[in-house]
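In: give me a model of this one.
(chains A and B)
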Amino acid sequence: MIHAAPGGPTQIFLAPGLSPEAGEIQAHNLGLDRPIPEQYIKWLGNFLQGDLGKTFKNNIPVGDLLWPTVGNTMVLMGAAWLVSLLIAIPWGIYNSTREYGLSDQTASFISYLGFAMPTFWFGIILQQFFAMKLDLLPLSDMWTMGEEGNLSDLFLHLVLPVTVLSITFLAAYVKYSRASMLEVLNQDYIRTARAKGLKERKVVFRHALRNALIPIITILGLDLPILVGGAALTESVFNWPGMGRLFVEMAVSREYSVLMSITLVVSVMVVIGNLIADILYAIVDPRVQFGQGGSAS
Amino acid sequence: MSDSNLQQPVTTGNWPGTPAAPEVPAPDKRPPGPWKTAWKKFIHNPFAVVGLFILLIFILAAVFANLIAPYDPTRIDLMFANLPPGTDDHLLGTDELGRDIFSRLVHSSRISLTVGFAVAFVSVVVGTLIGAISGYFGGWIDTIFMRFVDVMYSIPSLFLNILILAIFGSDMTYMILVLAFTSWMGVARLVRGSYLQLREMQYVEAAKAIGVSSWGIIFGHLLRNASAPIIVNATLMVGGAILSESALSYLGLGVQNPDTSWGLMLSNAQEFMLIDPLQALYPGLCILIVVLAVNFIGDGIRDGLDPKKTTIPRRRLDQWRKKYSKSGT
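Out: Residues are numbered from 1 along each chain as shown, chains lettered A, B, ... in the order given. Purely as a prediction, here's the structure:
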C-alpha cells in the first residue's frame, strides 16, 4: 500500500557555468550515476533506518527539515478536522430532522460556496479583513517572534487557517451526515421505534445515529489525502511551517530526497487513516468483526 | 401529452378474414426522448439557466478578449501603478506594474476557461476509455486498471500535480495533461460501474450474436446508454479543473508571466496586499462565479437526466402533500 513517488533524481541541478565534468564528479559523489532501482533500494533501506538523506543544495539532513513540519501540519490538520466534525455532524443531524428548513437551506448554500471557492482566495480575504483591517488576529506564521511555545499565541495563529480549512470540509460533511441520517431515518426499524412510543430524541440518537455514522466514517477515511493536499495551499497562504509548504518549496528547488520523504510520510498517513477508519467501524458497528477476511471493507 | 392526435385511427393490422380490430387510438407522435425531457427540465431550473447565462458571458469575454479589454494586459506603465478603481479609464484600477486589472481579468478568463474545458475533455476521454474497457472485459484487465485507480486515489492529487509540474516545468499544455492525469479516476469508476451493468443487457447479446466486434459494442451500443452520468461528471469537472489551475498558478507552478490567469493574479495581489487590498478580490470573485455557474449547470443536467426528479421542487411537493393529506382526513 505504500506508494513512494518514483521521482528519479537524474536531473541534477548544476550551478550555471560549471563544466559537464564537474557535474559528473558531483553526480558520482551523490551516487546519482547509479541505476535508478539501485538508488531507490538504497534510499528505502536508509529510510527504514531513519536516515532520510541530505538535501542536494545545502547538505542539510532531510530529517531535520521534515520532522518538525510533520508535527506542525498535524496541529493544523487536527484542529481543522476536529472543528469541522464537531460542527458538521450535529448540524447534519439537525438538518436531517428538519428537511428543507432554514438551517438546511443555509447549509446547502454554504456547501455550494465551499465547493466553488478557491480556498487560498478565501484565506487571503480573511487575512485582509481580520488581520489587516481589524488587526484582530496575526497575519501569518505559526508563532510570533520570540513567543515560541506560548499556547495562546499558537491558538491566535490557528484561528484563520483553521477557519479556511474547515469551511471546505464543513460543507461536505454536513451534506454527508445529513444524507446518511435521512437514509437511516426512512428505515423500517425507525418507524418501529417511533411506533413503540420512544421519544424522538432517543430515536434519533440511539437508533439512527449509530447506523448513520458508518458511511460517514468511510468518507472521513477516504478524505484524508484531500485534507493533506488542501493543507499545502492553506499553509502557503498563511506561511505555516508545515509539510505542504515544505513540499511546494522543495518542488520548486527540486530536492528529490525531501519530496520522496514527504510523499512517503503522506502515504503512510493515508494508510493509517484508513486503518483508523476500519477500527472505528468495528467500534460503531458490532456486526463488523476482524479476522473474518474482508468483512471489514 | 398531446390530445390533438388521439383521433387518428390505426390503419394497420387489418388482415383479410379477421374481424377488424377495435380501433385503438395510438398517438403517432413519440413521447419526448430522454434528451428532450432533460432539456425541458433544464430550462425550467432557474439556477441552471442563470449558470448557463453567466458561463456564456464569460466564454464570450474570453473569445473576444481583444475587443473587450481596453488596454493590452501586458502593458507596463510604472507611472500609473496601483491606481484605485475608476481612475483614468482604468475600470478596476491598475496593479503594481501599472497593468490594467480589468484587461488582465478578461484575458485571464481565456486561459482559465481553456484549461477548465480541456482538462475536463481529456480526463473524460481517458476515464471513459479505461472505465469502458475494464467494465466490459472484466477479468485481469479490470483488476489491473482498478488497482491503478486505487493507487491514484490514495496519493493527494495536489502533491502529484506539484511534483510533476516541478520536474517537467510549467507550460499550459503540460498543466492540462497533468491535471487530466490526476482527475480521470472518478469517471473511470463511474463508467466501469455502468458498463458492468449494461453488458448483461439483452441487446448486447443480440449485437454479439449478429457479429458486432467488442469495440463496436463498447462504443456503438453501450456508450450512448452510459453517457448521462459521464456528461454530468464532465460538467462538474470543469469547475474543479478551474480551481486546480488557479491553485497551481497561485503556487507559481502553473501559468507564467507574461500570460495571466486568475490564480497568477491572486499570487501577485497577495504580495502587494498592504498597498492595494482590493486587487485580491476580483480574480477570486471571477473564479467563484464561474465555478458556481458551472456547478449549477452540472446540477441542472443531473436533475434533468434523473427520471426520479420532477421539475417541481421537492419542498413544494411536500407542502402540497401535507396540505392535501390534512384536507383529506
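
In: shaky segments in chain B?
Out: Within chain B, the ranges that satisfy pLDDT under 70 run B:1-31, B:75, B:78-91, B:96, B:169, B:274-275, B:307-329.

In: for the residue most central in space within it, give me its contacts.
Out: Nearest to the geometric centre of chain B sits B:Thr235, at 1.1 Å (C-alpha atoms, centre = their mean). Contacts for B:Thr235 (C-beta atoms under 8 Å, 6 or more residues apart in numbering or on different chains) come out as B:120, B:294, B:297-298, B:301. To be clear about C-beta, it is placed using only N, CA and C from the backbone, and glycine gets the same treatment.

In: from chain A, how far off is it?
Out: 13 Å (C-beta to the nearest C-beta, to the nearest Å).

In: what's the helix or strand for that residue?
Out: Using DSSP states H and E, B:Thr235 sits within helix B:227-250.

In: can you point out the buried residues in that helix?
Out: B:227-230, B:232-250 (16 or more other C-beta atoms under 10 Å in any protein chain shown).

In: ok, of the contacts of B:Thr235, which one's closest to chain A?
Out: Of all the contacts of B:Thr235, chain A sits closest to B:Val294, with 8.2 Å by C-beta to the nearest C-beta.

In: inside helices: which ones of the contacts of B:Thr235?
Out: When DSSP state H is applied, the contacts of B:Thr235 are split such that B:120, B:294, B:297-298, B:301 fall in helices.

In: looking at the residues you listed, which is nearest B:Ala62?
Out: B:Val294 (13.6 Å; C-beta to C-beta).

In: nearest residue to the closest one other than its sequence neighbours?
Out: In this structure, B:Val294 finds its nearest non-sequential neighbour in B:Gly239, 4.1 Å apart by C-beta to C-beta, 6 or more residues apart in numbering or on different chains.

In: hmm, the one you found is touching B:Gly116, no?
Out: Yes: in this structure, B:Gly239 is within contact of B:Gly116 by C-beta atoms under 8 Å, at 7.2 Å.

In: which neighbours do these two share?
Out: Joint contacts of B:Gly239 and B:Gly116 (C-beta under 8 Å, 6+ apart) are B:290, B:294.

In: what's in contact with the strand or helix carrying A:Gly244?
Out: Here A:Gly244 sits within helix A:243-252, counting by DSSP H and E. The contact list for helix A:243-252 (C-beta under 8 Å, 6+ apart) reads A:55, A:65-66, A:69-70, A:72-73, A:228-229, A:231-236, A:239, A:258-259, A:262, A:265-266, B:159, B:162-163, B:165-166, B:251-253.

In: check which residues of it are buried.
Out: Within helix A:243-252, the residues scored as buried using 16+ other C-beta under 10 Å are A:243-248, A:250-251.

In: off-centre distance for stretch B:140-149?
Out: In terms of C-alpha atoms, centre = their mean, to the nearest Å, the centre of stretch B:140-149 is set 26 Å apart from its chain centre.

In: how many neighbours does A:Val266 have?
Out: 26 (other C-beta atoms under 10 Å in any protein chain shown).

In: how much space between it and B:Ile162?
Out: Computed as C-beta to C-beta, to the nearest Å, the A:Val266 to B:Ile162 distance reads 12 Å.

In: can you check B:Asn295 too?
Out: In this view, B:Asn295 and B:Ile162 are 25 Å apart by C-beta to C-beta.

In: please apply the same query to A:Ala88.
Out: Relative to B:Ile162, A:Ala88 is positioned 28 Å away (C-beta to C-beta).

In: contact residues of the stretch 201-329 of chain B facing chain A?
Out: Proximity of the stretch 201-329 of chain B to chain A, by C-beta under 8 Å from any C-beta of the partner chain, involves residues B:239, B:243, B:246-247, B:250-253, B:263, B:266, B:269-270, B:273-274, B:277, B:280-281, B:283-284, B:287-288, B:291-292, B:295, B:314-315, B:318.

In: helices of the stretch 151-300 of chain B, start to end?
Out: Secondary structure of the stretch 151-300 of chain B by DSSP state H, counting those that start in this stretch: the helices cover B:157-168, B:172-181, B:185-198, B:202-209, B:214-215, B:223-225, B:227-250, B:262-271, B:281-305.

In: oh, that last question was meant for the stretch 1-150 of chain A, not what I typed.
Out: A:20-30, A:36-48, A:62-97, A:102-116, A:119-126.

In: for the residue lying closest to B:Gly254 once chain neighbours are set aside, give me its contacts.
Out: Closest residue to B:Gly254 in three dimensions, ignoring its sequence neighbours and counting by C-beta to C-beta, 6+ apart: B:Leu248, at 3.7 Å. For B:Leu248, the contacting residues are B:161-162, B:165, B:170, B:175, B:179, B:254, B:263, by C-beta under 8 Å, 6+ apart.

In: can you get me a residue count around residue 264?
Out: Defaulting to chain A. A:Leu264 has 19 neighbours, counted by other C-beta under 10 Å.

In: oops, wrong one, chain B.
Out: When counting by other C-beta under 10 Å, one arrives at 25 neighbours for B:Leu264.

In: try A:Asp223
Out: A:Asp223 has 18 neighbours, counted by other C-beta under 10 Å.
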